[in-house]
Structure formats: structure tokens, C-alpha cells
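S.K.: My questions are about this predicted structure, shown below with the sequence.
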Amino acid sequence: MPMRMPLRTSAVLLLATLLALVWPACALTTLDDDDLRHIPSPGDDFDIHNGKLLAPILIPRVPGTEGSEKTQRHFVDFFKSNLPEWQVLWQNSTSRTPVTGDRDVPFANLIFRRDPPGAPAGEVSRLTLVAHFDSKYEPTGFIGATDSAAPCAMLMHVARSIENALKAKWSADGDHDGLDVAHGMQIVLLDGEEAFLHWTDDDSLYGARSLASEWESHFHSSMSTYRTPLDSISLFVLLDLLGSAGPKIPSYFLTTHWAYKNMALIEKRMRDLGLLESKPTHAFLPETDKHPDQFSGWMTISDDHVPFMHRGVDILHVIPSPFPEVWHKMEDDGEHLDLPTARDWAKIVTAFTAEWMDLKGHMPKQSSTKEKRSVTAAASSSRTEL
């Protein structure tokens, strides 16, 4: 449950302005139009009843419950069956909550990591794609389709869609020689984002707080380029509350406005090429021309990025403002997802990831069957009536 919180620091704003002037020097390799055409749609895998990726997550997922365990197994089984070269890591913790008395609640974060062959852990800079998989404790039976079952499914789609391109690139590049920083990626699915009673610093972000603390205190070998797993994060991209029609995603942080603009350009190019299904009245990411003075530094949204941001990690927060109308309502279920929008987000984030990972020219062409399925996906994943 992301919440708004004050962020009072003019000094941080000044520093952010200076950093933003130099950070775009790390320009990404732009995909060409054919690469964008080769980005697959999730198609039937986002069907809310039988879809391979999304349907198993559309259940209550309160930490420590059977639904949470089923969801974790779904993630692990997907990666082990479809993406066996991705490393599967667990980061576990326990905590008491305002509603469980003396009973400790277990929280299980899942990290799916893909590093270049032969690259030592301390020499890999990782794009980090993040969503939370838990759902609210109350009301009983709450699903949280936008919050955040659909974002989790989007990240599964990203991993599957770029795997062959990663293999092709790394095969062409050869094994890591240790002379340059290697570029890998990881998908982090966090537990315990939601408050159990009322949102406070202690009753929220259970998994994120635990993982950020552990990654800050775990050190790579002394001669490593990156001292800790936290230092290895090149960009922390957090998806939340995605899957409703017509979202407006602000650019929240000046330090990553350049990355926001890259994602916005991908959206525009894919729309211009007729590659997206949804027909919004405005861009999903409309603030490409936001001036540095408009980043006030006085307000942000409390979400899973906060423990990482406080430790100096660069954040791209992909969350709409205003929040979807179904936010924290029982209507935030599969029936109320706008599936064309959800599938479009999956394609946009896949293309953004492919650019970050320098996969230009490596994205495999989609078969005619898959292309046809992408076009007709809206009909095949229709809703039922409530």
C-alpha cells in the first residue's frame, strides 16, 4: 500500500540537479524499429482465468498464509522450468505485526538473477526490476490485481522475453574478461509491502526493509568494483499499481528523469508503430518535458523503494498518480484489470530492459502464430460479468 510522505531536503534537490546533468552520459543503446516489433506480447498468458503467468497470482497473498506460499511456488516453478539459467535466491525474515501479537510473521523475498557468464558477483552492475507480491491483510479476500499481481506477471514476461537475446549477446561478447564492468539484471519480488493495520514506518515495507539492510551489510571480496549487492544496483525500477486503464505516471526523481524519458520514448515509438493495444487519451508517461525546478523534493510516495533510496540507490518509480480507482477496494481483482493496458506495460518494460541490457539486434523475431495471438489477445482474455 504505497503512501504519500514528505521529503524535505533542498540540499538533496541541488545534488540531484547536478547529478542529472552528468548521468545521461551513460546513454543506453536505442533499439531500432525491428527490435521493437520483435518484443512479444504476453497474449493469453495474461488471461485472468487460465493465463500461465497472471492467473495463479490472482489469489489472496497475505504473508505467512497458504496463498503466499502458492504464489512463491508459482514464481520459482516458472523460473526453474522456463529459465533454468537464472539464479534463484531467497531472503527470509520474520517480524511481529500490530495484528498478530507475539506471533512472528514470516516474510520471503525472492530474487531471480541473471549475470553474464564468468563475471564475479562483485563485478556485475545489475538492473533491478521490482514488484511486491503480497496482498492486504484486510479486507478478507482482497486480491490486489494492480497491487501488485499484474506487475509481478509483467516482470515474469520480461525475463522470458529477453532470455534468448541475452544468450545471443553474451555468446557474441564471449566470457567476461574482468577488464570492464559486466552488466546483469535481477528481478526482485518483495513480500510484506502492505501494512497489517495502519501504515507506519514499522508496519509496512517488511520485506524491503529487511532486504535493503542485508544487502548493505553483505560485502563482496575486498578488491571488487562493487562493495555490496546494494552498490551493484545500477537502477531500481519499481512497478506498482499497474493494470488499470489510462494511467498517468509522473517523473518522481530528477536523478532518474533521463531513464523516465527513455521509457516514455519507448512508449511513444511503440504506439507510433502500432505495437500497443490500449487507446489512452494521454501517454502513460506524460512528463518528459518536466523542468528541474518542478522536482520540488517535498513529496514522494512511501513504497518499497524507500529503504533502498535512503541508502543511495537510484530509483525509477513506475506508479500512477492519482492511484487507480480500485486502489484498496475489493474491486481490485482480475475482472477489473484493463488487459490491453497490462499487456502494453509488459511490452514497454521489456523494451526498456532490452535497451538497458544492450540487446539491439539480438531480439528474436516472433513467429507468425505469436504475432497473431498478440493482436487477438484482447478477445481471448475476455472478462466475466460480476
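M.R.: Thanks, I have the structure now. Numbering: from 1, shown residues only.

S.K.: buried set for the lengthiest helix in the chain?
M.R.: Using DSSP state H, we find that the single longest helix of the chain is helix 150-173. Buried residues in helix 150-173, counted by 16 or more other Cβ atoms under 10 Å: 150-163, 165-166, 169-170. Where C-beta positions appear, they are placed from N, C-alpha and C, glycine not excepted.

S.K.: What about residue 112, how many residues nearby?
M.R.: Using other Cβ atoms under 10 Å, the number of residues around residue 112 comes to 22.

S.K.: I meant to write residue 336 there.
M.R.: For residue 336, the neighbour count with other Cβ under 10 Å is 21.

S.K.: residues touching the closest residue to it other than its chain neighbours, list them.
M.R.: Leaving aside its sequence neighbours, residue 336 sits nearest to residue 326 (Cβ to Cβ, 6 or more residues apart in numbering; 5.3 Å). By Cβ atoms under 8 Å, 6 or more residues apart in numbering, the contact list for residue 326 reads 145-146, 244, 332-333, 336.

S.K.: 7 Å instead?
M.R.: Under the criterion of Cβ atoms under 7 Å, 6 or more residues apart in numbering, the neighbours of residue 326 are 146, 244, 332, 336.

S.K.: and which of those is nearest to residue 209?
M.R.: residue 146 (22.9 Å; Cβ to Cβ).

S.K.: what does the model give that closest one for pLDDT?
M.R.: Among the per-residue scores, residue 146 holds a pLDDT of 99.

S.K.: Could you do residue 352 as well?
M.R.: 99.

S.K.: In a helix, the residue nearest to residue 336, correct?
M.R.: No: under DSSP: H, G, I helix; E, B strand; the rest coil, residue 326 sits outside any helix and is assigned coil.

S.K.: Tell me how far it lies from residue 239.
M.R.: Per Cβ to Cβ, to the nearest Å, residue 326 is found 16 Å from residue 239.

S.K.: count of neighbours near the residue nearest to residue 240 when sequence neighbours are not counted?
M.R.: Of all residues not flanking residue 240 in the chain, residue 319 sits nearest, at 4.4 Å (Cβ to Cβ, 6+ apart). Residues contacting residue 319 under the criterion other Cβ under 10 Å number 22.

S.K.: Was I right to think residue 319 contacts residue 241?
M.R.: Yes: at 5.3 Å, residue 319 counts as touching residue 241 under the criterion of Cβ atoms under 7 Å.

S.K.: hang on, the earlier thing: pull the residues that contact the helix or strand that comes right after the longest helix of the chain.
M.R.: Toward the C-terminus, helix 150-173 is succeeded by strand 182-190 as the next helix or strand (DSSP states H and E). The contact list for strand 182-190 (Cβ under 7 Å, 6+ apart) reads 75, 109-116, 119, 123-133, 152, 155, 159, 176, 207-208, 211, 304, 353, 357.

S.K.: Within its sheet, name the partner strands of strand 182-190 and how each one runs.
M.R.: The strands beside strand 182-190 in its sheet (DSSP bridges) come out as strand 105-114 (antiparallel), strand 124-132 (parallel).

S.K.: okay, those, which one's buried deepest?
M.R.: Stretch with highest mean neighbour count among the strands paired with strand 182-190: strand 124-132 (a mean of 25; mean count of other Cβ atoms under 10 Å).

S.K.: can you tell me the average pLDDT over it?
M.R.: Strand 124-132 shows a mean pLDDT of 99.

S.K.: Could you double-check that residue 96 sits in contact with residue 104?
M.R.: Yes: proximity of residue 96 to residue 104 meets the contact threshold set by Cβ under 7 Å, at 5.9 Å.

S.K.: Strands of the stretch 1-150 of the chain, residue ranges please.
M.R.: Using DSSP state E, counting those that start in this stretch, the strands of the stretch 1-150 of the chain run over 3-6, 87-95, 105-114, 124-132.

S.K.: ditto for the stretch 151-300 of the chain
M.R.: Using DSSP E, counting those that start in this stretch, strands in the stretch 151-300 of the chain cover 182-190, 233-239, 299-302.
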